[in-house]
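Trainee: Below are the sequence and a predicted model for it; my questions follow.
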Amino acid sequence: MASSLTLTTLRLAPLLSSTCTLLFAHDQHFFLTLFNRPETRKQSTNLIPTYFRLFFRQGVVIVLGFITISTATAIANLYTSPANLRANGTYGWYAAGGLLSFAHLAYVPFVAPHVQTLVDAKEDTNPNDVLDSWLTVNFRRFLTTDLGAWIAFGVAALGSVRAV
């Protein structure tokens, strides 16, 4: 049997990593929408492709890291004392959080075309319009998978840490 501290850490890990995912998604939305505000939109047109190319290259690694940690620790929780999780009603919450974390990747087909267009930076496309489209999909993902996973892991952690 795992020690109480180890088990508590495992129970909290998905909540912590999904908090990072949620904050990163929120920050992406906040900072990238600044490019498309009326007072900056025209000046940012030439900057967006280069900025997004650099931003996305590092950002995708960070996001995939957090998703992997959230999903893996959710699975680890499901296999560590599952009877206890079922008894305190948190098994389903860890499962839901893990599925929602992984479901973040279901948005790839909707995000990838916008990313590719921004990275390619062809003259016949308006980077601001493409960024607007990407931000719309990103915000939907934030509200569904990222926020959903965070809520599920929050409920799971509250119920299971009390029981440790």
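Mentor: Received the coordinates, thanks.

Trainee: Just give me the residue right at the centre of the protein.
Mentor: residue 21 (3.8 Å; C-alpha atoms, centre = their mean).

Trainee: dump the residue contacts of it.
Mentor: 63, 66-67, 70, 101, 104, 146, 149-150 (C-beta atoms under 8 Å, 6 or more residues apart in numbering). The way it works is simple: take the backbone N, C-alpha and C, and place the C-beta from them, glycine included.

Trainee: Among those residues, name the ones in helices.
Mentor: Applying DSSP state H to those, the entries found in helices are 63, 66-67, 70, 101, 149-150.

Trainee: Can you tell me which of those residues is nearest residue 157?
Mentor: Residue 157 lies nearest to residue 150 out of the ones in helices among the contacts of residue 21, by C-beta to C-beta, at 10.3 Å.

Trainee: What segments of this protein are helices?
Mentor: 4-33, 41-44, 48-79, 82-87, 91-103, 108-120, 127-141, 147-163.

Trainee: could those helices go into a markdown table alongside mean pLDDT?
Mentor: Formatted as a markdown table, the helices of the chain follow (pLDDT from 0 to 100):
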| stretch | mean pLDDT |
| --- | --- |
| helix 4-33 | 95 |
| helix 41-44 | 94 |
| helix 48-79 | 95 |
| helix 82-87 | 94 |
| helix 91-103 | 98 |
| helix 108-120 | 93 |
| helix 127-141 | 96 |
| helix 147-163 | 93 |
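
Trainee: Isn't residue 105 up against residue 70?
Mentor: No. Applying C-beta atoms under 8 Å, one finds residue 105 not in contact with residue 70, separated by 11.7 Å.

Trainee: okay, these two: which has more neighbours?
Mentor: residue 70 (29 against 15; other C-beta atoms under 10 Å).

Trainee: List the residues that contact that one.
Mentor: Applying C-beta under 8 Å, 6+ apart, the residues contacting residue 70 are 14, 17-18, 21, 97-98, 101, 149, 153.

Trainee: how does it look with 10 Å?
Mentor: Neighbour list for residue 70: 13-21, 97-98, 100-102, 104, 146, 149-150, 153 [criterion: C-beta atoms under 10 Å, 6 or more residues apart in numbering].

Trainee: Mind checking which of the residues you listed are buried?
Mentor: 13-15, 17-21, 97-98, 100-102, 104, 146, 149-150, 153 (16 or more other C-beta atoms under 10 Å).

Trainee: ok, back up a step: quick one: the ones in helices among the contacts of residue 21 as TSV, columns for distance to residue 34 too.
Mentor: TSV is the format used below for the ones in helices among the contacts of residue 21 (distance: C-beta to C-beta, whole Å):
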residue	distance to residue 34
63	20
66	23
67	25
70	28
101	28
149	26
150	24
